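S.K.: Just need the structure, nothing else, for what follows:
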Amino acid sequence: MITKERLQETIRGVIREFKLTKHITDPAAEELTAALEERVDKLFKEEAASIYKQVKDSADYVAQLRDNAQMETAEAFLREIAVWQQMHSS
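M.R.: Predicted structure coming up:
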């Protein structure tokens, strides 16, 4: 899972590499780092806001997720049994 901190550290690492190879000068690198971190913060805030808006009743949502997961597991188990029966019926 990508976290905001992991993404920001990756950005800092890339900029450090560019500074070491002199592709970006120090003052510009600092400005670039700050601008990119600000964009990352904004992106994660927008993403979090849209997730919360999509789910009206979190308890109902979690219950639906559990029901779906159980149904998928049960169906997969039944498919495995059918395949096993077909393999051993000959």
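
S.K.: what's the following helix or strand after the lowest-mean-pLDDT helix or strand in the chain?
M.R.: Least confident helix or strand of the chain, by mean pLDDT, DSSP states H and E, is helix 26-54 with a mean of 78. Once helix 26-54 ends, the next helix or strand along the chain (criterion: DSSP states H and E) is helix 58-88.

S.K.: Could you list every helix and strand in contact with that next one?
M.R.: Helices and strands touching helix 58-88, as assessed by 3 or more Cβ pairs under 8 Å, 6 or more residues apart in numbering; DSSP states H and E, are absent. In short, each C-beta sits where N, CA and C put it, glycine included.

S.K.: What angle do helix 26-54 and that helix make with each other?
M.R.: 90 degrees (axes from the mean of the first three to the mean of the last three Cα atoms, to 10 degrees).

S.K.: and the least confident helix or strand of the chain, what other elements does it pack with?
M.R.: In this structure, helix 26-54 packs against helix 4-20, with contacts taken as 3+ Cβ pairs under 8 Å, 6+ apart.

S.K.: Show me what counts as buried in the helix it packs on.
M.R.: In terms of neighbour count (16 or more other Cβ atoms under 10 Å), helix 4-20 has its buried residues at 8, 11, 15, 19.

S.K.: Which two among those are spaced furthest apart?
M.R.: Pairwise distances across the buried residues of helix 4-20 peak at 16.3 Å for Gln8 and Lys19 (criterion: Cβ to Cβ).
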